[in-house]
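Asker: give me the fold of what follows.
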Amino acid sequence: CGAKGAPMMPHTWFLFGKGLNLFYSTFPQYGIVFYMALATLLKLCPLAIDLNALVGVPAIAAPLGFGLFLYHFALGFFPFIQKAVAPLFKEA
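Answerer: Okay, the predicted model is just below:
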């Protein structure tokens, strides 16, 4: 990181930062992983719910639907959680 701090200023993605920001490209991938994990859990639960049958087009729902959900969670809700929990980790 060096004397100037982290290489990216916090929350620069709200204004799309300077130049290419690879931050956005990760959320569809996270959405796919999240979808696959949820589909596995639902299939293994006693009700054996088939998420693919419920969704219809998982190839679109996973990266877009779940990816957008995680994007908004990370940028919208998570900062509030971080601010609420941060005082618990301050040195006395």
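
Asker: show me where this structure has its helices.
Answerer: Taking DSSP state H, the helices of the chain run over residues 26-44, 51-55, 58-60, 67-72, 78-85.

Asker: next, format those as JSON lines and append distance to residue 91.
Answerer: Where C-beta positions appear, they are placed from N, C-alpha and C, glycine not excepted. Formatted as JSON lines, the entries for the helices of the chain read as follows, by distance: least, C-beta to C-beta, whole Å:
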{"stretch": "helix 26-44", "distance to residue 91": "32"}
{"stretch": "helix 51-55", "distance to residue 91": "45"}
{"stretch": "helix 58-60", "distance to residue 91": "47"}
{"stretch": "helix 67-72", "distance to residue 91": "32"}
{"stretch": "helix 78-85", "distance to residue 91": "15"}
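
Asker: switch those helices over to TSV; also include mean pLDDT and mean neighbour count.
Answerer: As requested, these are arranged in TSV below (pLDDT from 0 to 100; neighbours: other C-beta atoms under 10 Å):
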stretch	mean pLDDT	mean neighbour count
helix 26-44	90	15
helix 51-55	87	13
helix 58-60	86	13
helix 67-72	84	16
helix 78-85	88	10
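
Asker: could you measure the nearest residue to residue 28 once chain neighbours are set aside against residue 32, distance?
Answerer: In this structure, residue 28 finds its nearest non-sequential neighbour in residue 63, 3.5 Å apart by C-beta to C-beta, 6 or more residues apart in numbering. Distance check for residue 63 against residue 32: by C-beta to C-beta, to the nearest Å, it reads 6 Å.

Asker: noted, bye for now.
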